[in-house]
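Asker: Predicted model and sequence follow; I will ask about them next.
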Amino acid sequence: MTTTTASAPNKEKGWFNRFLATVEFLGNMLPHPITLFALFCLAIIIFSGIASWFGLSAIDPRPIGSAGREADGVIEVVSLLSADGLQRIVTGLVTNFTGFAPLGTVLVALLGVSVAEHSGLLSASMRGMVMGASKRLVTFMVVFAAILSNTASELGYVVLIPLAAMIFHSLGRHPLAGLAAAFAGVSGGYSANLLLGTIDPLLAGITTPAAQMIDPNYQVGPEANWYFMMISTVLIAILGTFVTEKIVEPRLGKYNDNEASIDLSQNSIDHLTATEKKGLKYAGIALLVMSGLLALTIAPSDGILRHPDTGLVAGSPFLKGIVVFIFITFAIPGFVYGRVVGTMRNDRDVIDAMSKSMSSMGMYIVLVFFAAQFVAFFKWTKLGTILAVNGATLLQAMNLTGPEVFVLFILMCAFVNLSLGSSSAQWAITAPIFVPMLMLIGYAPETIQAAYRIGDSVTNLITPMMSYFGLILAVAVKYKKDMGIGTLIATMLPYSIVFFFGWVALFYVWVFVFNMPVGPGSPIYYQP
């Protein structure tokens, strides 16, 4: 009996060690995402020359007379390994970068978020939600607040996760259960949110040029997945609560303060002050006033931000300018809050807040430069279109054109995410192939993007390649001094599994059972 009892943990540990070894091996094989994009650009140039020499082509599936269709109905590779190719690369390098849609949209949205973040509005809102919840609802509110914190992702990791561990400990519950619940919401529910955030224009800006390989006039807006992601927020909060209370917390058992590596008596929770509550009140009033004014521009049938020709919201200046509204939705209440609590007194403080956020975007801007070249090269060579057409033909031959193709697609994205943790980097690589491929078998880019967001989120919790994984481990070690990567992954694995099956089920019911659009004006199926 003694031998059997002792061997079980060893087997479990061995399984996770092998799992971790595989993930770390694959992750370490990959260079930095920026280097990866640079290598991909070089590979496309070389491969386009080889493919052109061998005559790689595909039959153009678009109707005769449609925009962008080849005159002879055959799509052939355009070589960049030539004089014309070199000229195009040299003359297009700057415009590829400056014209890359995610660059401007993300930076503009972030300017507004930065005001709300540096004024303290976002932090106070998160603390108020979590610390004001009843004991029965505290787990749900931790996960829910963590999902909402994705609007400013750093906030969730730096503020909310340590706070959740402290709150659980103060309630006599296992602090690692609180940490796990918050981590699940911030990272596992990464794409879900009630409000549009910086991730929405980022992904839409990558999806649009991928869709334009098939339909040159196709546009995907930041609001493309809003409906689906709002409902996903509730689903992930419920699933995260269930996993925490029924699986993770019972497995962790009763907590003993002797397991900690710090003096837990010094752990203090800063409740909202009277000034902070007043600031939240006035920020809320500012948000309501703004929402009311905005409603006046789109609610009436003759609203000035409706479509000037059709009078509809679909395709209107409101939806096309949604990034502007993301900006003001965070910036104005953020400044109001800052004025009340004293963190922002004048325009200089607002400018400083924006400047700090922009200074932290250096890595992203460099990544975008190389990602923009990759996307442009892929489009110029027509390799993406050819791969998409041949891939769609293969899927149709295998009769994989129903819901099962999305299950496989989401599963593939989830596995790729284990080694390539950057959401924008992964989508910039996969979108030029899979968006046109799945469009050709009848699905709209908005639906494809929604499916990608599921796969990109659910495995964030179990990969050491995720940029904040080390930070989470450092917080966990405070409460359990012998905490290792394997133990942390073992704790988070149930969330990944339940989130995957639950989110895929929601996608299936939403799209294939009820045929509901994933966002405002977002079609489910693509019709040329």
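Answerer: It's in. Values in this document were obtained by computation on a predicted structure and should not be read as measured data.
Asker: In the stretch 351-500 of the chain, mark out all the strands, start to finish.
Answerer: Ranges of strands in the stretch 351-500 of the chain, per DSSP state E, counting those that start in this stretch: none exist.
Asker: In contact with residue 138, which residues?
Answerer: With Cβ atoms under 8 Å, 6 or more residues apart in numbering as the criterion, the residues that contact residue 138 are 130, 167, 168, 171. All C-beta spots, glycine's among them, are computed from the backbone N, C-alpha and C.
Asker: Below-threshold pLDDT in the stretch 51-200 of the chain: ranges please.
Answerer: Confidence mapping of the stretch 51-200 of the chain against pLDDT under 70 gives the ranges 60-72, 133, 152-154.
Asker: quick one, helices of it?
Answerer: 83-98, 101-118, 121-131, 138-148, 153-155, 161-170, 175-183, 199-211 (DSSP state H, counting those that start in this stretch).
Asker: Need the winner for burial among those.
Answerer: Each of the helices of the stretch 51-200 of the chain was given a mean neighbour count from mean count of other Cβ atoms under 10 Å, and the largest, a mean of 30, is that of helix 175-183.
Asker: now the helices for the stretch 401-528 of the chain?
Answerer: If you assign secondary structure with DSSP H, counting those that start in this stretch, the helices in the stretch 401-528 of the chain sit at 403-419, 423-440, 445-458, 469-479, 485-508.
Asker: can you list the ones you listed in JSON lines and add mean neighbour count, mean pLDDT and distance to residue 360?
Answerer: Written out in JSON lines, the entries for those read as follows (neighbours: other Cβ atoms under 10 Å; pLDDT from 0 to 100; distance: least, Cβ to Cβ, whole Å):
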{"stretch": "helix 403-419", "mean neighbour count": "18", "mean pLDDT": "88", "distance to residue 360": "23"}
{"stretch": "helix 423-440", "mean neighbour count": "24", "mean pLDDT": "86", "distance to residue 360": "15"}
{"stretch": "helix 445-458", "mean neighbour count": "26", "mean pLDDT": "94", "distance to residue 360": "22"}
{"stretch": "helix 469-479", "mean neighbour count": "18", "mean pLDDT": "82", "distance to residue 360": "15"}
{"stretch": "helix 485-508", "mean neighbour count": "20", "mean pLDDT": "90", "distance to residue 360": "26"}
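Asker: Which of these sits closest to residue 281?
Answerer: Within the helices of the stretch 401-528 of the chain, the stretch nearest residue 281 is helix 469-479; the backing value is 31.2 Å (Cβ to Cβ).
Asker: Only C-alpha atoms, please: export the closest one in PDB.
Answerer: What follows is helix 469-479, C-alpha atoms only, in PDB (Å, rounded to 0.1, in the frame of the first residue of the first chain):
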ATOM      1  CA  PHE A 469       3.900  33.000 -16.800                       C
ATOM      2  CA  GLY A 470       7.100  33.700 -14.800                       C
ATOM      3  CA  LEU A 471       5.300  36.600 -13.000                       C
ATOM      4  CA  ILE A 472       2.400  34.300 -12.000                       C
ATOM      5  CA  LEU A 473       4.900  31.600 -10.700                       C
ATOM      6  CA  ALA A 474       6.600  34.300  -8.600                       C
ATOM      7  CA  VAL A 475       3.400  35.300  -7.000                       C
ATOM      8  CA  ALA A 476       2.500  31.600  -6.400                       C
ATOM      9  CA  VAL A 477       5.800  30.900  -4.700                       C
ATOM     10  CA  LYS A 478       5.000  33.500  -2.000                       C
ATOM     11  CA  TYR A 479       2.200  31.200  -0.800                       C
END
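Asker: Tell me what angle it forms with helix 161-170.
Answerer: Using axes from the mean of the first three to the mean of the last three Cα atoms, to 10 degrees, the direction of helix 469-479 lies 20 degrees away from that of helix 161-170.
Asker: what's helix 469-479 in contact with?
Answerer: Contacts made with helix 469-479 from outside it, assessed by Cβ under 8 Å, 6+ apart, are listed as 157-158, 161-162, 165, 169, 175-176, 179, 183, 255, 259-262, 264, 463-464, 483, 485, 488.
Asker: Just give the nearest non-adjacent residue to the residue most central in space within the chain, would you?
Answerer: Nearest to the centroid of the C-alpha atoms of the chain, with distances taken as Cα atoms, centre = their mean, sits residue 191, at 4.1 Å. Leaving aside its sequence neighbours, residue 191 sits nearest to residue 453 (Cβ to Cβ, 6 or more residues apart in numbering; 3.7 Å).
Asker: My guess is the one you found contacts residue 200. True?
Answerer: No. Judged on Cβ atoms under 8 Å, residue 453 makes no contact with residue 200 at a distance of 9.6 Å.
Asker: what touches both of these two?
Answerer: A shared contact of residue 453 and residue 200, defined by Cβ under 8 Å, 6+ apart, is any residue touching both; here these are residue 225.
Asker: give the contact list for the spatially closest residue to residue 93 that is not a sequence neighbour.
Answerer: Leaving out its chain neighbours, the residue that sits closest to residue 93 by Cβ to Cβ, 6+ apart is residue 373, at 6.8 Å. Residue 373 makes contact with 37, 41, 93, 96, 97 under the criterion Cβ under 8 Å, 6+ apart.
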